[in-house]
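> From the sequence below, what's the structure:
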Amino acid sequence: MAAQNKITHGQLSCLVFSYLSGFSTLFLSEAALLKQDVWMSYLIGMTLAIGMLWLLCYVQWKHPLLTMVEISDKLFGHWVSRLVLMIYLIYMLEMQAAACRALSTFYTTVVIPNMPSNQMILLIILCTTYATYLGLTTIVRAVQITLPFFLVGILIICFFLLRDVETNPFLPQFQHSFSEVMYGSLLSLYFPFGKLVVFGFLLARVKNMKKIFSSSIFGLILAALYLLVSAYLTLGTIGIHLAGTATFPFFSSIQMVKFGEYLERIEITIIGIWTIFTLFEIVVLQYVFTILLRHVFRIKNMKPFILPIGLLFFISAQKSFLRLSDLTFYNLNIAPFSTMLPIAIIPIMLSIMTLLRKEKT
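Numbering: from 1, shown residues only. Down below sits the predicted model:
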């Protein structure tokens with residue numbers, strides 16, 4: 001893995017969109033909770049994520065010659081910085097385990113029921129480990145090749161789903177309490193928008209440092225729009241009640257799409273695109289995990305450790321969330337609060353330390 005891989009700001013936008021859009025529409029937990037008021041949770045969650053992103057960009061702008069791990073060392077000191085980076089390592093292990101388990105559960109439930117989930121997870125990790133070995137630029141080029149197919153496919157699906165929406169599913173509005181909306185916003189901040197914090201460790205690898213914020217925001221807004229449209233079409237096609245009880249509500253709505261009387265099962269195409277984008281998410285997590293692990297343990301040559309890291313990811317995913325109910329409980333009751341430390345508190349601390357150091361100088 002080349003330590004100095006550089007990407008353009010346009011490639012950053014593509015990578016952010018694919019990373020956030022992976023399986024963000026698979027469960028639609030906020031839609032099941034808030035129904036027609038789900039747009040408010042998406043709006044608040046996206047706004048909070050934009051604030052978090054600006055803090056990370058601010059820190060990077062003030063230290064243009066350093067990477068985020070080096071900035072952490074400079075601001076916190078060596079040992080505290082190690083603790084901070086270990087928090088992010090644990091966070092990424094949790095996120096990849098949830099992503100692997102969600103994708104494997106979807107496949108073993110809907111696509112290939114007879115396949116053991118552990119074999120599915122192994123295939124996922126083998127793909128992501130090889131992609132991590134190839135490096136950041138190869139990952140980004142793969143995203144750029146795949147992204148047009150995703151956009152065309154999802155636009156066609158949305159067009160045909162829109163014909164079945166007879167009334168605006170977001171009406172009547174403001175049917176839920178303030179506490180419910182804020183809890184839904186916390187859910188959307190944790191997943192998917194808060195995952196953007198991982199890109200703080202890639203900002204130094206963007207060629208044009210001045211455009212890191214605008215490029216990331218563009219990808220974030222597109223991902224939020226995709227999520228909002230998916231919720232709108234799901235609630236409008238299968239109804240509020242079924243959307244709240246279905247295991248994979250957006251997939252259930254996509255199954256309704258057919259072209260004419262003969263071409264059906266178009267959702268197979270979307271399954272393929274979903275799979276690739278979820279793989280991109282895990283690849284980014286595994287790649288950044290490698291960067292942080294290299295810095296924490298001062299490893300000069302990281303290539304021999306890429307396969308053991310893949311093995312660690314496999315064991316973590318295999319032993320986590322053995323039942324779908326475990327993953328659901330984690331997503332709804334634990335993760336929205338436990339991930340506040342890496343998503344919000346540490347970026348705030350970094351920005352405050354940067355501001356104080358600036359004032360002292």
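> Any buried residues in the one helix or strand residue 241 maps to, and which?
In this structure, residue 241 sits in helix 240-245 according to DSSP states H and E. By 16 or more other CB atoms under 10 Å, the buried positions in helix 240-245 come out as 243, 244. Where you see a C-beta, it was placed from the backbone N, CA and C, and this is true even at glycine.
> what's in contact with stretch 214-229?
9-10, 12-17, 19-21, 24-25, 39, 42, 46, 49-50, 53, 57, 154, 158, 192-193, 196, 199, 206 (CB atoms under 8 Å, 6 or more residues apart in numbering).
> What of stretch 159-169?
36, 232, 233, 235, 236, 237, 240, 253, 254, 256, 257, 259.
> if we can go back for a sec, ok, then the element right after the helix holding residue 241?
Following helix 240-245 in sequence, per DSSP H and E, is helix 249-254.
> What residues sit buried inside that following helix?
By 16+ other CB under 10 Å, the buried positions in helix 249-254 come out as 249, 250, 251, 252, 253, 254.
> helices or strands next to the following helix or strand past it in the packing?
Remark: after helix 249-254, the chain's next helix or strand is helix 267-296, criterion DSSP H and E. Helices and strands touching helix 267-296, by 3 or more CB pairs under 8 Å, 6 or more residues apart in numbering; DSSP states H and E, are helix 9-21, helix 68-76, helix 78-106, helix 117-134, helix 136-162, helix 249-254, helix 303-319.
> pLDDT (mean, whole number) over helix 267-296?
Helix 267-296 shows a mean pLDDT of 89.
> for it, which positions count as buried?
267, 269-271, 273-296.
> what does stretch 179-188 give?
181, 183, 184, 185, 186, 187, 188.
> For residue 44, see how far away the second one is.
According to CB to CB, to the nearest Å, residue 183 stands 11 Å off from residue 44.
> just the first one next, same as before
Residue 181 is 7 Å from residue 44, where distance means CB to CB.
> Equivalent analysis for the fifth one, please.
Distance check for residue 186 against residue 44: by CB to CB, it reads 9 Å.
> pLDDT score assigned to residue 263?
Looking at residue 263, the pLDDT reads 52.
> err, residue 357, not the other one
81.
> which SSE is it in?
helix 346-360.
> counting contacts, what elements does that helix pack onto?
Helix 346-360 packs on helix 38-62, helix 68-76, helix 78-106, going by 3+ CB pairs under 8 Å, 6+ apart.
> Let's have those helices in a markdown table, adding distance to residue 347, mean pLDDT and mean neighbour count.
Listed next are the helices and strands packed on helix 346-360 as a markdown table, based on distance: least, CB to CB, whole Å; pLDDT from 0 to 100; neighbours: other CB atoms under 10 Å:
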| stretch | distance to residue 347 | mean pLDDT | mean neighbour count |
| --- | --- | --- | --- |
| helix 38-62 | 4 | 96 | 20 |
| helix 68-76 | 10 | 95 | 20 |
| helix 78-106 | 11 | 94 | 20 |
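> Any chance of those helices in a markdown table with distance to residue 140 as columns?
Listed next are the helices and strands packed on helix 346-360 as a markdown table, based on distance: least, CB to CB, whole Å:
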| stretch | distance to residue 140 |
| --- | --- |
| helix 38-62 | 18 |
| helix 68-76 | 18 |
| helix 78-106 | 19 |
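> And the ones you listed: which comes nearest residue 343?
helix 38-62 (6.4 Å; CB to CB).
> Report all helices and strands that the closest one contacts.
Helix 38-62 packs on helix 29-34, helix 68-76, helix 178-190, helix 212-238, helix 346-360, going by 3+ CB pairs under 8 Å, 6+ apart.
> Just give me how far it sits from the chain centre.
On the basis of CA atoms, centre = their mean, to the nearest Å, helix 38-62 sits 14 Å off its chain's mean C-alpha point.
> Between helix 9-21 and that helix, find me the angle.
140 degrees (axes from the mean of the first three to the mean of the last three CA atoms, to 10 degrees).
> Next up, the contacts around residue 121.
By CB under 8 Å, 6+ apart, the neighbours of residue 121 are 100, 101, 104, 314, 317, 318.
> That one and residue 310: what is the separation?
11 Å.
> Kindly report the same for residue 187.
From residue 187 to residue 310 the distance is 30 Å (CB to CB).
> on that earlier part again, other residues contacting the helix holding residue 241?
28, 31, 32, 35, 36, 169, 234, 235, 249, 252.
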